[in-house]
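In: Let's see this in three dimensions:
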Amino acid sequence: MKRIFLLFIILALCLQSCIISINPLYTDDVIVYDKSLEGKWKQGEGTETLTWEFTKAKKGYKLSRYNEKVQFSYEAVLVKLGEHYFMDFYRDVPDDCQDDIAYHLPTHNFLKVIIEKDKFKIEYFNDDYLKSLFKERKIRIKHEKVKGDIVLTANSKELQKFMLKYAEDDRAFSGEYEELAKISAK
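Out: Numbers count the residues shown, from 1 in each chain. You can find the predicted model right below:
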């Protein structure tokens, strides 16, 4: 039973749609730092609660996402494109990983974010919409299909143009932000 619960938690982390990319969303000119992110944040309720812990790192943040069963560590970089903020997460892959494609390759994953005083809001990209754009040949950004997932292979500047183009498209994102509450400051 514990193994099934652990698998459920891992799948829940993986299935939330982030854009998967071989290259980072950031270049030095779009990296921003917001000190208010430092500290611990709570996502979810009850047994599905995750803690996000941000600490300062060289190019942004070291991020640990964890609960009593699992822990993932990332490099996280806050990016400002136009008036929109995104978070680029990068995670090295453990040797024993057997999850979906986002965890088979050392990839970058992107979320749209809003940062307020004691609130950190995240919005996931609509994976079905992205797949439909490719299927209908409405976008031509460089990519590969790996085990059913779309992995963007475009360079960082092309990724930035892509994210800006779809930043205000209601179909491109989940439609509502998931709010994380601040537990403690740094």
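
In: Now do the buried residues in the strand ranked longest in the chain.
Out: Longest strand in the chain, counting residues (DSSP state E): strand 71-81. By neighbour count with 16 or more other CB atoms under 10 Å, strand 71-81 contains the buried residues 74, 75, 76, 77, 78, 79, 81. Quick note: C-beta positions are derived from backbone N, CA and C, even for glycine.

In: Name the next helix or strand downstream of it, please.
Out: strand 84-90 (DSSP states H and E).

In: May I have that following strand as PDB, with CA atoms only?
Out: Coordinates of the C-alpha atoms in strand 84-90 are reproduced here as PDB (Å, rounded to 0.1, in the frame of the first residue of the first chain):
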ATOM      1  CA  HIS A  84       4.700  38.000 -17.200                       C
ATOM      2  CA  TYR A  85       6.700  35.900 -14.800                       C
ATOM      3  CA  PHE A  86       7.700  32.300 -15.300                       C
ATOM      4  CA  MET A  87       9.700  29.800 -13.200                       C
ATOM      5  CA  ASP A  88      12.200  27.500 -14.900                       C
ATOM      6  CA  PHE A  89      12.900  24.400 -12.900                       C
ATOM      7  CA  TYR A  90      15.800  22.100 -13.700                       C
END
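
In: How far does whichever helix or strand comes after it sit from its chain's centre?
Out: Note on strand 84-90: by DSSP H and E, the next helix or strand toward the C-terminus is strand 108-116. Mean C-alpha position of strand 108-116 versus that of the full chain (CA atoms, centre = their mean, to the nearest Å) differs by 6 Å.

In: what packs against the longest strand of the chain?
Out: strand 31-32, strand 50-57, strand 60-66, strand 84-90, helix 156-166 (3 or more CB pairs under 8 Å, 6 or more residues apart in numbering; DSSP states H and E).
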